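Novice: sharing a model prediction with you, sequence too.
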Amino acid sequence: MAVRLNDAYMKAFVSQKELEAIRPQVTCAHQLLHSGKGLGNDFLGWLDLPRDYDKAEFEAVRKAAEKIRSDSDVLVVIGIGGSYLGARAAIELLKSPLYNNLKKDTPDIYFAGNTLSAGYLDEVLSLCEGRDVSLNVISKSGTTTEPALAFRIFREWMEAKYGKEEAARRIYCTTDRSEGTLKELCDKNGYQTFVIPDDVGGRFSVLTPVGLLPIAVAGCDIGKLMEGAEAARQAFAEDDLTHNDSYRYAAYRNILSRKGKSVELLVSYEPRFAMMNEWFKQLFGESEGKDGKGLFPASAVFSTDLHSLGQFVQDGSRVLFETVISVKGCGKDLLVKEEPDDFDGLNFLSNQGMSAVNRKAMEGTILAHTQGGVPNLILEMDAVNEYELGFLIYFFEKACAVSGYLLGVNPFDQPGVEGYKKNMFALLGKPGYEQQRAELEAKLKG
C-alpha cells in the first residue's frame, strides 16, 4: 500500500477495546457515504472521481498544459482556498518549494487571488514584466472577491500587453459548466474553459481540472496522480477497520477528540510538505468545524518548528495529538563529511547521509513526545512521486468524509465562511447592506 498507517505508538492512548467500540459507527458512516444518504450527498463526486473522471477533458487539460509550457515563461493561477491550495501543494511537494528558482524547462508558477493585499499582487505583476504570461482563473461563480479582483487587474494587464485577441488565447478558466459570471465572460471572450464538477466541492477538487492544469504545467505526470488516487479508492472501498487505514485513522481521530484532544498537529520533516499541510488544514477545518465540533487542524515542519513549538508540544497543555508524515525517500541525499579538527563536535555523524540524520531526529522526537503524553500517529510513504501523492490525497479525503459523519456534521458544506464576507461587503458599501454597515461602523467606534 502506497500510504500506510503506523499506530504502534498509540497503545498507551487508545485501546483495542475502544477501536472495537467505534467499529459499528465507522460502518454506519461508510454506509451513509456510499449509499448517498448522508448529509451533503450532493457533493460526493470526488468519491469515484479517480475512476470516472472525464477522460476527454483530461486530455484537453494535458494539451492546454503543453501549450502553456511552449509559449509562456509564467503561469499565474488565480484562485483562493480549494481553487489553489491543492495545486500549489502538489507542485511544491513533487518539485520543490523553490520551484520558481530552479533551472527547468517549465514556466514559473505564481499564485494570486488568494489575498486582498495590494502589495502582494503588485509584486506578482512585477515578476511578469518582460515575460510571456498565461492566466488560469479558477472560480465556480466568478464573483468571489479575492480572485475576482485579481482577475480584473491581470486581465487589464494582459490585454494591454497582448491585445484582446492574443490575451484571450492565453487565459484559461476553470469554472461552472453552464452558468455564472465567469462562464458568461468566457463565452463572450472565447477563453478556453475547464469544468469544476457540480458534485465536487472546492476542498475536494484537486484531482479535477482545478488542480490538474497547474500541476501538469509544472511538468508533473497527472496520469500517475490519478492512478494513485484510483489505487486508494479501491484500497479503501470496504469498511473493515483492520485493513482500511483511512478509516482507522478517522477512528483514532474521533476517539482522541472524545478524550479531550482538540488539536491535530500534522507534522512533516520535509519543507516541501509545508503547502500540503495548508491543504490538509482547509480539508479538515472546513469539513469538521461546525456546530461547536471538530478538531482544530494545525501543522508544523520539524525539525524547524521544534525550535519554536517543540517546548509546547513536549510540556504544554495536553490538548493535541500529532499525525506524522514519514517519507523514506525525498530528493537527493547529502553525505556528512569528516572535519579534521571537528570544530562543531559533529564528526560522530561522518559518512552518514543527511536523510539518515533527519530520520533519527524524527524517531527521537516521536519517542520524546509520546513519553511526554502526546499521542502520535504515523503515515508512512515510501517515496514522493505522483502515484504516492494521488494515494495520499484520496486517503485524506476519504478519512475526512468518514470523520465528519462520525462527528454528526455535514462534511461537505461551509456555512460559517459567509460571516466575514457579509461584514466586509457591508463595510465596503455594497448595495443592500446599508443598515448592517451602520451597525458595524457603530461597533467599530466602540
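Specialist: Perfect, I can see it now. Given the structure is predicted, the values throughout are model-derived calculations rather than measurements. Numbering: from 1, shown residues only.

Novice: what are the phi and psi values at Cys173?
Specialist: phi -120, psi 130 (degrees, to the nearest 10).

Novice: how many neighbours does it have?
Specialist: Cys173: 23 surrounding residues under other Cβ atoms under 10 Å. Glycine gets a C-beta too; all of them are placed from N, C-alpha and C.

Novice: these two touch, right, Leu207 and Leu225?
Specialist: Yes. With contact defined as Cβ atoms under 8 Å, Leu207 and Leu225 form a contacting pair (7.1 Å).

Novice: overlap in contacts of the two?
Specialist: Both Leu207 and Leu225 are in contact with Gly390, where contact means Cβ atoms under 8 Å, 6 or more residues apart in numbering.

Novice: could you list the low-pLDDT ranges of this structure?
Specialist: Across the chain, the ranges flagged by pLDDT under 70 are 416-418.

Novice: taking the centroid of it, which residue is nearest it?
Specialist: The centre of the chain sits closest to Trp279, judged by Cα atoms, centre = their mean, with a distance of 2.0 Å.

Novice: assumed that residue was part of a helix.
Specialist: Yes. Counting by DSSP: H, G, I helix; E, B strand; the rest coil, Trp279 is part of a helix.

Novice: wait, it sits on Ile91?
Specialist: No. Taking contacts as Cβ under 8 Å, Trp279 lies outside contact range of Ile91: 11.5 Å.

Novice: any shared contact partners between those two?
Specialist: Common neighbours of Trp279 and Ile91 (Cβ under 8 Å, 6+ apart) do not exist.

Novice: what's the distance between Phe111 and Leu265?
Specialist: For Phe111, the distance to Leu265 equals 25 Å [Cβ to Cβ, to the nearest Å].

Novice: same check on Gly292?
Specialist: 21 Å.

Novice: between these two, who's got more neighbours?
Specialist: Leu265 (25 against 6).

Novice: that one - that's part of a strand, no?
Specialist: Yes. Checked against three-state DSSP, Leu265 lies within a strand.

Novice: begin at 26 from now on, thanks
Specialist: That works, and once the first residue is 26, the last one we named lands at Leu290.

Novice: Arg76 and Glu255 touch, don't they?
Specialist: Yes. Here Arg76 lies in contact with Glu255, judged by Cβ under 8 Å, at a distance of 5.6 Å.

Novice: of the two, give the one with the bigger neighbour count.
Specialist: Glu255 (21 against 11).

Novice: for the more buried one, pull up the helix or strand it's in.
Specialist: helix 247-260 (DSSP states H and E).

Novice: next one: the helix or strand following that helix to chain centre, how far?
Specialist: Sequence-wise, the next helix or strand downstream of helix 247-260 (DSSP H and E) is helix 270-283. Offset of helix 270-283 from its chain centre (Cα atoms, centre = their mean, to the nearest Å): 20 Å.

Novice: which secondary structure elements does the longest strand along the chain contact?
Specialist: Criterion DSSP state E: the longest strand present in the chain is strand 345-352. Contacts defined by 3 or more Cβ pairs under 8 Å, 6 or more residues apart in numbering; DSSP states H and E place strand 345-352 against strand 288-293, helix 379-396, strand 401-406.

Novice: report the angle between the longest one and strand 401-406.
Specialist: Helix 379-396 runs at 150 degrees relative to strand 401-406, counting by axes from the mean of the first three to the mean of the last three Cα atoms, to 10 degrees.

Novice: again, but for the first one
Specialist: Angle between the axes of strand 288-293 and strand 401-406 is 40 degrees (criterion: the same axes, to 10 degrees).

Novice: residues of strand 288-293 that come out buried?
Specialist: Judged by neighbour count using 16 or more other Cβ atoms under 10 Å, the buried positions of strand 288-293 are 289-293.

Novice: who touches Leu232 in this structure?
Specialist: So Leu232 contacts 71, 74-75, 78, 250-251, 254, 415, 418-419 (Cβ under 8 Å, 6+ apart).

Novice: show the backbone phi and psi for it.
Specialist: The phi/psi pair for Leu232 (degrees, to the nearest 10) is phi -90, psi 10.

Novice: roughly how far apart are it and Pro436?
Specialist: 17 Å.

Novice: Gly205 is in contact with Ser166, correct?
Specialist: Yes. Counting by Cβ under 8 Å, Ser166 does reach Gly205; the two are 4.7 Å apart.
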